[in-house]
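[1] Need coordinates for the below:
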Amino acid sequence: MKRCGWATKEPNITYHDKEWGRPQHNDRKLFEFLILEGAQAGLSWETILKRRDGYKKAFSNFDVLKVSKYSQKNVSKLLKDESIIRNKLKINSAINNAKQFLKIQEEFGSFDRYLWDFVDYKPIKNKFKNLSELPASTEISEKLSKDLKKHGFSFVGPTICYALMQAIGMVNDHTQDCFLYQK
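    Prediction:
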């Protein structure tokens with residue numbers, strides 16, 4: 001079975017086959033991916049996938065309301081948690097982004113509605129033949145990044161936003177030879 005070139009070993013294979021690029025509309029899952037993509041900045045996705053269970057536990061099963069109420073005591077505890085990336089800026093960003101996420105939900109009805117509006121509620125299906133063709137960012141991810149920053153989010157640069165868009169299926173970046181391309 002032919003997969004995208006980055007899915008060559010676990011946990012990447014399972015993630016690729018079961019999640020990556022599939023349209024996601026559940027706000028809790030969208031919050032999870034927002035946290036994980038921010039944590040991934042400067043690291044490999046494999047590093048984050050290996051710590052995913054740690055993030056799930058550390059960030060209250062990605063309950064945005066609970067995370068939005070995290071205090072400095074929570075931050076201190078998380079900085080000692082070896083099951084996640086112990087970066088103070090990224091931890092504080094996750095808490096800040098939870099607060100902003102709630103504001104987006106209130107303003108737009110859901111984070112899903114806010115995000116998917118950037119692609120007119122329909123996934124963009126790209127036609128890349130190999131990994132080297134995949135962009136790090138696009139005009140839409142730049143627009144999303146600027147808007148998220150305007151709403152007070154952090155760790156949401158254009159590259160992180162594009163990775164988020166790929167993860168949640170706003171764009172289909174499976175290469176044409178991948179068995180999931182048509183799906």
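
[2] for the longest helix anywhere in the chain, which positions count as buried?
    Using DSSP state H, we find that the single longest helix of the chain is helix 88-108. Residues of helix 88-108 classed as buried by neighbour count (16 or more other Cβ atoms under 10 Å): 90-102, 104-105. Any C-beta I mention is one placed from the backbone N, CA and C, and that applies to glycine too.

[3] Which SSE is immediately downstream of it?
    Using DSSP states H and E, the helix or strand that directly follows helix 88-108 along the chain is helix 111-116.

[4] Pull out the buried residues from that following helix.
    Neighbour count says helix 111-116 has F111, D112, Y114, L115, W116 buried, by 16+ other Cβ under 10 Å.

[5] buried sites along stretch 162-169?
    Applying 16+ other Cβ under 10 Å to stretch 162-169 flags Y162, A163, L164, M165, Q166, A167, I168, G169 as buried.

[6] List just the nearest of these to P23.
    G169 (3.7 Å; Cβ to Cβ).

[7] Assign a three-state SS to the closest one, would you?
    coil (DSSP: H, G, I helix; E, B strand; the rest coil).

[8] how close does it sit to K29?
    11 Å (Cβ to Cβ, to the nearest Å).

[9] and if you look at G38?
    In terms of Cβ to Cβ, G38 sits 15 Å off from K29.
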